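# Output the structure for:
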Amino acid sequence: MRIGILSLPLGTNYGGILQSYALQHILQGMGHEVYVIDEDKQFEYPLRRRVEMFVKGTIKRCLLGKNAIIYSPEYYKRLWAARTMHTGRFVCEHIDRKMVRSVTEIGEHDFDAFIVGSDQIWRARYARPFPGVENSFLRFTEGWNVKRLAYAASFGTDEWEYNKAETENVAAMARMFDAISVREVSGVRLCQEYLGTEALCMIDPTLLLNAEDYTRLLGEDTPSSPGNMMCYVLDRNEEKDALVNDIANKKGLQPFQTNSRTEDYKATLQERIQPPVEQWLQGFRDAEFVVTDSFHACIFSILYRKPFVVIGNKSRGMTRFESLLWMFGLEERLITSYEDYKLKEEKLLGPIDYEPIYRTLADKREDALRFLSEFLL
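Below you'll find the predicted structure:
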């Protein structure tokens, strides 16, 4: 079967890249021909979106006094090329893609089935730029004789972010699906309340593979990490830095960072180059402890059986952390502040018994593979 996977664009997000890689890898192992549908950043944006980006940048910079970029095609292309210098190479080497400027370019007979997911593909504010809210529910396939499946699609939050018109439209599209699964427990409720559909809860695609599967992606030239305490913190601040330093001192470890300032508009182009995916994976191999505020860094800490602390990242969606950690009985690993850490310090700095966690993971993988096999017959 020829399958198209629709997720968010593949850029600098390690988790977003690797969840697409993992789902494609699993489906190819089942004997399918699989392509990830990706937005081609070499194309120019449509005029309406260019104007929108220009106006937003101008308002932020000139009226609100923020250090925002005023959009220009030349700057955007240079920035994108710099930020994705390494991650783009990984995507080209390891993920089979169908490049589009818009999903509406896809033809009725290009694929036999479409899978939406995973990552926050159903979070309204992320889906609006690409592929579009309605198209994230496969609106562009309306009337086609194809299979439609959602695998671990994520709303990213336990709150409903769609407006009334969007809700009516995506609810109609959701009824076209052969089966729907979501990544968070809260997503099951959102599907029932707002889409009028039933949904199952499935693990993120990255959890379908073992640590060994990811380690095989590392080349002989992948350098060792410059320390033994991995710090993958997306939104750094003084409180998080203090927490990192405290843990490093208590455990006698050397912290190291595994990400750049890729989202920081104040940084230079050189500072915004995201390190290679392989270097990020190597970080988990080398780490004796992980501190993060990232959902997928939690997952890879589990896959590599590392003790970790996760700082709840409210702006990026708390329900993702809560659902994942609840599934494996690791709720105590989630903190929301430095004070919270100090209250749990002794337990947080201790080891994790991964045997029961991996028994649960084995069951979840069986459920996921059964779901995919059943609906892709």
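# buried ones in stretch 228-236?
Asn228, Met229, Met230, Cys231, Tyr232, Val233, Leu234 (16 or more other Cβ atoms under 10 Å). Every residue, glycine included, has its C-beta placed from N, CA and C.
# Check these and tell me the two furthest apart.
Among these, the pair separated by the greatest distance (Cβ to Cβ) is Asn228 and Leu234, at 21.1 Å.
# re the thing from before, from the buried residues of stretch 228-236, which single one is nearest Thr222?
Distances from Thr222 to the buried residues of stretch 228-236, taken by Cβ to Cβ, are shortest for Met230, at 14.5 Å.
# Look up how far Ser136 lies from Lys147.
Distance, Lys147 to Ser136, by Cβ to Cβ, to the nearest Å: 17 Å.
# quick one: which of these two has more around it?
Using other Cβ atoms under 10 Å, the more surrounded residue of Lys147 and Ser136 is Ser136, with 27 against 19.
# how about that one, secondary structure?
helix (DSSP: H, G, I helix; E, B strand; the rest coil).
# How about it, nearest residue that isn't a chain neighbour?
Excluding its sequence neighbours, the residue lying closest to Ser136 (Cβ to Cβ, 6 or more residues apart in numbering) is Ala127, at 4.1 Å.
# where along the stretch 151-300 of the chain do the strands fall?
Using DSSP state E, counting those that start in this stretch, the strands found in the stretch 151-300 of the chain span residues 179-182, 200-201, 229-232, 255-257, 289-292.
# So for Trp280, which of those strands sits nearest?
Across those, Trp280 has its closest neighbour in strand 229-232 (7.4 Å, Cβ to Cβ).
# Neighbouring strands - and their directions - for the closest one?
According to DSSP bridges, strand 229-232 forms sheet pairs with strand 255-257 (parallel), strand 289-292 (parallel).
# Now the nearest residue to Ala113 once chain neighbours are set aside: phi and psi?
Spatial nearest neighbour of Ala113, excluding adjacent residues (Cβ to Cβ, 6+ apart): Lys147 at 3.8 Å. Per-residue torsions, Lys147: phi -80, psi 140 (degrees, to the nearest 10).
# any idea how the protein splits into domains?
2-209+363-375, 219-360 (automatic domain parsing).
# Quick one: the ones you listed as CSV, columns for mean pLDDT too.
Shown next, in CSV, are those (pLDDT from 0 to 100):
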stretch, mean pLDDT
domain 2-209+363-375, 92
domain 219-360, 94
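# Against which helices or strands is the host helix or strand of Ser301 packed?
Assessed by DSSP states H and E, Ser301 sits inside helix 295-303. If you count contacts as 3 or more Cβ pairs under 8 Å, 6 or more residues apart in numbering; DSSP states H and E, helix 295-303 packs onto helix 14-29, helix 211-215, helix 277-286, strand 289-292, strand 308-311, helix 319-327, helix 354-375.
# Would you mind writing the CA trace of the third one as CSV?
Output for helix 277-286, consisting of C-alpha atoms alone and laid out as CSV, is shown next (Å, rounded to 0.1, in the frame of the first residue of the first chain):
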residue,chain,number,x,y,z
VAL,A,277,20.2,15.0,15.1
GLU,A,278,22.9,12.4,15.6
GLN,A,279,24.6,14.6,18.2
TRP,A,280,21.3,14.9,20.1
LEU,A,281,20.9,11.1,20.1
GLN,A,282,24.5,10.7,21.2
GLY,A,283,23.7,13.0,24.2
PHE,A,284,21.3,10.4,25.6
ARG,A,285,23.9,7.6,25.1
ASP,A,286,26.5,9.5,27.0
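# between it and helix 295-303, how many degrees?
40 degrees (axes from the mean of the first three to the mean of the last three Cα atoms, to 10 degrees).
# Just give me how far helix 277-286 sits from the chain centre.
The chain centre lies 17 Å from the centre of helix 277-286; the measure is Cα atoms, centre = their mean, to the nearest Å.
# Return the set of buried residues in that helix.
Val277, Glu278, Gln279, Trp280, Leu281, Gln282, Gly283, Phe284, Arg285, Asp286.
# can you put those in CSV and add distance to Tyr76?
Shown next, in CSV, are those (distance: Cβ to Cβ, whole Å):
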residue, distance to Tyr76
Val277, 23
Glu278, 27
Gln279, 26
Trp280, 25
Leu281, 29
Gln282, 31
Gly283, 29
Phe284, 32
Arg285, 35
Asp286, 35
